[in-house]
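In: Please find the sequence and the predicted model below.
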Amino acid sequence: MERTAACHCGQLRVTTTGEPERVGICHCQACQRRTGSLFHAGAYFTKEQVRSAGEYKTYERDSDSGFKIRFHFCPVCGSSVFWDGDRIPELCGVAVGAFADPNFPPPKYSIWEESRHAWLNVPDIERFAQGRPPART
């Protein structure tokens, strides 16, 4: 199965093949600021499953877990579409919303719940107050 994620203007596109390794949501304040939303929803694929087309710029920062993370965004409209990091270097994250697919697989976990807006209801999934789910084995 192929899916295509795109920025708001359509200039930057990411095509994925197969199913994601994991799908989760994050409530950390950095993700809230980056997305302008209450939380971030991300799907993680092996890098071999992902190919990008179009120009992008990169913003690199230290993640809350202490590893470098690089967000790739459209230089035209500013949409953050995909990212990669040093914590799990074989995976590439893609913003679930960029797929614009209401049938996309649901999240399996919620992280940085300590920063979750109290009135936001989250489905019955695995939850982590601060940390991240364990890395793939």
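Out: Structure received. In this text the structure is predicted, and so the values were computed from the model without any measurement.
In: Look up how far Glu21 lies from the most centrally placed residue in the chain.
Out: Nearest to the mean C-alpha position of the chain, counting by C-alpha atoms, centre = their mean, stands Gly42 at 2.8 Å. Per C-beta to C-beta, to the nearest Å, Gly42 is found 11 Å from Glu21. In this view, the C-beta of every residue, glycine as well, is placed from N, C-alpha and C.
In: who touches Ser115 in this structure?
Out: 27-29, 32 (C-beta atoms under 8 Å, 6 or more residues apart in numbering).
In: Now distance to Glu114 and pLDDT too, for those residues, in TSV please.
Out: Output for the contacts of Ser115, formatted as TSV (distance: C-beta to C-beta, whole Å; pLDDT from 0 to 100):
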residue	distance to Glu114	pLDDT
His27	8	92
Cys28	9	86
Gln29	10	87
Gln32	12	88
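In: Of all pairs in the residues you listed, which one spans the longest distance?
Out: Farthest-apart pair in the contacts of Ser115 is His27 and Gln29; separation 8.3 Å (C-beta to C-beta).
In: Compare neighbour counts for these two and give me the winner.
Out: With neighbours defined as other C-beta atoms under 10 Å, His27 and Gln29 compare such that His27 has more, 21 against 11.
In: quick one: contacts for the closest residue in space to that one that isn't next to it in sequence?
Out: Setting aside the residues directly before and after it, His27 is nearest to Arg116 in space (C-beta to C-beta, 6 or more residues apart in numbering), at 4.1 Å. Applying C-beta under 8 Å, 6+ apart to Arg116 gives the contacts 27, 38-39, 110, 122.
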